[in-house]
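**Student:** Take this sequence and fold it.
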Amino acid sequence: MSRRPMIPEGWTSIAAQGVSLWETASRGASYNPLSPNVIQNPYDTYTRLRRHSPVHRSAILGSWVLTRYKDVLAAAKDHERFSNDPRWRSATTSVLPPAPDEYSILLVDPPEHSRLRRVAAEVFSKAHLTALGESITQTASELIEQAAKRRTFDWVGDVAASLAMRVMLRMMAIPERDRGHWERWTRERARLLEMIATRPHRKTAHLAGAEIQRYFMAHLRARKQSDETDAISTLARRAATGDGISMVEACDMLSVLMIAGNETTTNLIGNGMLALLRHPRQMQRLREEPERIRGAINEMLRFDSPVQTDFRIAKAEVSLRGHTIKPGDGIILLTGSANRDETAFERADRFDITRKGPKHLSFGFGVHHCIGAELARMEASAIFTEALSKLGTIRLAGGPPGYRRSTVIRGLAALPVRAEPINQDA
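**Tutor:** Okay, the predicted model is just below:
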């Protein structure tokens, strides 16, 4: 799994708070990802940044922070000037330390990225996703039926995370007996995504990465002659003949797919249910008009994006809103802010499953658009369709839910709910 932007080791919460206060006083806004308030609710901060400092030079991150829809979209689409490859960074771009896996599909630009994406596209082909569809629906049905029997349950742990993991295991033909390993490995490896990852967290993440690599390498070697269509077998055949990918690249790609597939989908389903619970009229409308499910999923993605930030490095000098971004500078794309930009979306802070207008940026844009986006939509559509057809009143069980301590991934630690099953025979 690739490393993402991280706060330099020397920063502490107190130091960051001091710098944040100075930036607010001098520029009208600041972005302090160490703040617990920002982690729990970043949207007020995003609003101030868009209004007062939309192209923000962050001393805490040592990078530029873009918050407006137009700017984030332009940078995401422009791989000629804005790179994903950490080798373009300057010596002063401390926000991104040297990455051990710079061959990752996440950390290369075309033409290398194009080559790897063509291989990954085979894994996510329409035929493969169609074949997974029945399994996704069945799994979603089983999880909701189990939840209905318990009546009080954790929507994140019991439903969202369980669905995401079971689908990824099925997609890769990984035995159910290994599920416990993968729950731990993906949780620990995902810490490398964080700007606030500590040195111990990174050490744990690298150890998990080594275990993941050993696991996938063994399965790739074992499936080189397999004619099955699962992701490991598909990449194993390609790598065995050097058809667009090496064994090392195939191993990394599987790791990326497994971790991203779990994190993004789990948080989409968790955040989406919380949005429905807080907007009961929207939930009721979706019950009455289930054909709106795809639009509802897109609104969930826009309203409370499971991935809040992306990262680029300037390859050339860029002038933007009166600021000069120099080659090698790091750039944080706050997609969570772009999705709430009032200049792009009418009543941007309102959750509306019937919304029309521009596309959200939660899956990225351009050549690095998330290749698993359709799979995530399929899973979310299946679980919400099952839940709203089999569960009656759904309400929060307990106090306000809290978000995990993360600056890149936005997801709930848990979402305890109480639901009454609908009498199917009535």
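
**Student:** Assign a three-state SS to Ala205, would you?
**Tutor:** What DSSP: H, G, I helix; E, B strand; the rest coil gives for Ala205 is helix.

**Student:** and it, how many neighbours?
**Tutor:** Residues contacting Ala205 under the criterion other CB atoms under 10 Å number 22. C-betas here are computed from N, CA, C, even on glycine.

**Student:** how close does it sit to Ser104?
**Tutor:** Using CB to CB, to the nearest Å, Ala205 is found at 14 Å from Ser104.

**Student:** Got the phi and psi for the nearest residue to Gly330 once chain neighbours are set aside?
**Tutor:** Counting by CB to CB, 6 or more residues apart in numbering, the nearest residue to Gly330 once its immediate chain neighbours are dropped is Ser63, at 3.4 Å. In terms of degrees, to the nearest 10, the main-chain angles of Ser63 are phi -150, psi 170.

**Student:** Ser63 - how many residues pack around it?
**Tutor:** Counted with other CB under 10 Å, the neighbours of Ser63 add up to 28.

**Student:** now swap in Asp227 and tell me
**Tutor:** Look at Asp227: counted by other CB under 10 Å, it has 7 neighbours.

**Student:** Any chance of the backbone angles for it?
**Tutor:** Per-residue torsions, Asp227: phi -100, psi 10 (degrees, to the nearest 10).

**Student:** now it: how far from Thr234?
**Tutor:** Distance from Asp227 to Thr234, by CB to CB: 10 Å.

**Student:** Which residues are in contact with each of those two?
**Tutor:** Residues touching both Asp227 and Thr234 (CB atoms under 8 Å, 6 or more residues apart in numbering): none.

**Student:** Can you give me the buried ones in whichever helix or strand Asn262 is part of?
**Tutor:** Remark: Asn262 resides in helix 247-278, with elements defined by DSSP states H and E. Residues of helix 247-278 classed as buried: 247, 249-277 (neighbour count, 16 or more other CB atoms under 10 Å).

**Student:** do the same with stretch 383-401
**Tutor:** 383-388, 390-391, 394, 396, 401.

**Student:** I'd like those written out as JSON lines, with distance to Ile331 added.
**Tutor:** Formatted as JSON lines, the buried residues of stretch 383-401 follow (distance: CB to CB, whole Å):
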{"residue": "Ile383", "distance to Ile331": "35"}
{"residue": "Phe384", "distance to Ile331": "34"}
{"residue": "Thr385", "distance to Ile331": "38"}
{"residue": "Glu386", "distance to Ile331": "40"}
{"residue": "Ala387", "distance to Ile331": "38"}
{"residue": "Leu388", "distance to Ile331": "40"}
{"residue": "Lys390", "distance to Ile331": "45"}
{"residue": "Leu391", "distance to Ile331": "43"}
{"residue": "Ile394", "distance to Ile331": "40"}
{"residue": "Leu396", "distance to Ile331": "38"}
{"residue": "Pro401", "distance to Ile331": "32"}
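
**Student:** and the least confident of those?
**Tutor:** Here the lowest pLDDT out of the buried residues of stretch 383-401 sits on Pro401, with 92.

**Student:** before we move on, what SS does that one have?
**Tutor:** For Pro401, the assignment made with three-state DSSP gives coil.

**Student:** quick one: Thr130 from Met378, how far?
**Tutor:** 10 Å.

**Student:** returning to what we had before: look up how far His79 lies from the residue nearest to Gly330.
**Tutor:** Remark: distance between Ser63 and His79 (CB to CB) = 18 Å.

**Student:** Could you do Ala419 as well?
**Tutor:** Ala419 is 45 Å from His79, by CB to CB.

**Student:** So between the two, which is more surrounded?
**Tutor:** It is Ala419, of Ala419 and His79, that has more neighbours when counted by other CB under 10 Å, with 21 against 18.

**Student:** who's that one bridged to?
**Tutor:** Ile394 (DSSP bridges).

**Student:** List the residues that contact it.
**Tutor:** Listed by CB under 8 Å, 6+ apart, the contact partners of Ala419 are 147-148, 151-153, 387, 391-395.

**Student:** Kindly report the same for Arg221.
**Tutor:** By CB under 8 Å, 6+ apart, Arg221 lies in contact with 236, 247.

**Student:** Doesn't it belong to a helix?
**Tutor:** Yes - assessed with three-state DSSP, Arg221 lies in a helix.
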